[in-house]
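Student: Next comes the sequence, and after it the predicted model I'd like to discuss.
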Amino acid sequence: MKRIITYGTFDLLHYGHINLLRRAKALGDYLIVALSTDEFNFRKKNKNCYFSYEQRKELLESVRYVDLVIPEDCWEQKISDMHEYHVDIFVMGDDWVGKFDFLKNEGVQVAYLPRTPEISTTKIKKDLNN
């Protein structure tokens, strides 16, 4: 069984997120989503989410491509997650190209998938504020 993992905040879940999750799942058999906790988002990313961690987790768990949602508490947990969850493929959006290539040293394939260009949570929030 091929296990895939991706990381993110997934606030204001939209079709760009679904596209990423669908394409990630197509790379293997079991998709794990490491969901940024509220504390991690605020402390390390300087962002407040509209939906709480529990609400975002529930939304992701309802997506048919997602098999497991785990918390992302810090940047450094990625290496231990690769081993704990026996990950074969690490997937992120292509705006992160090169940032996680160090995971190849853990025996994990790293894939950067193109984002859906016309949509993002930042764009939704900006459009709603206008």
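Tutor: Perfect, I can see it now.
Student: Mind jotting down where the strands sit in the protein?
Tutor: 3-8, 30-36, 68-72, 89-93, 109-113 (DSSP state E).
Student: for this protein, what's the longest helix?
Tutor: Taking DSSP state H as the criterion, the chain has its longest helix at helix 15-25.
Student: got any ranges where this structure has weak pLDDT?
Tutor: Along the chain, no part satisfies pLDDT under 70.
Student: Contacts only, for I5.
Tutor: L31, I32, V33, A34, D81, M82, Y85, V87, I89, F90, V91 (C-beta atoms under 8 Å, 6 or more residues apart in numbering). For every residue, glycine as well, the C-beta is placed using N, CA and C.
Student: The last one and V63: what is the separation?
Tutor: The spacing between V91 and V63, counted by C-beta to C-beta, to the nearest Å, is 15 Å.
Student: Show me which of those two is the more surrounded one.
Tutor: Shown here are V91 and V63; by other C-beta atoms under 10 Å, V91 has more neighbours (25 against 18).
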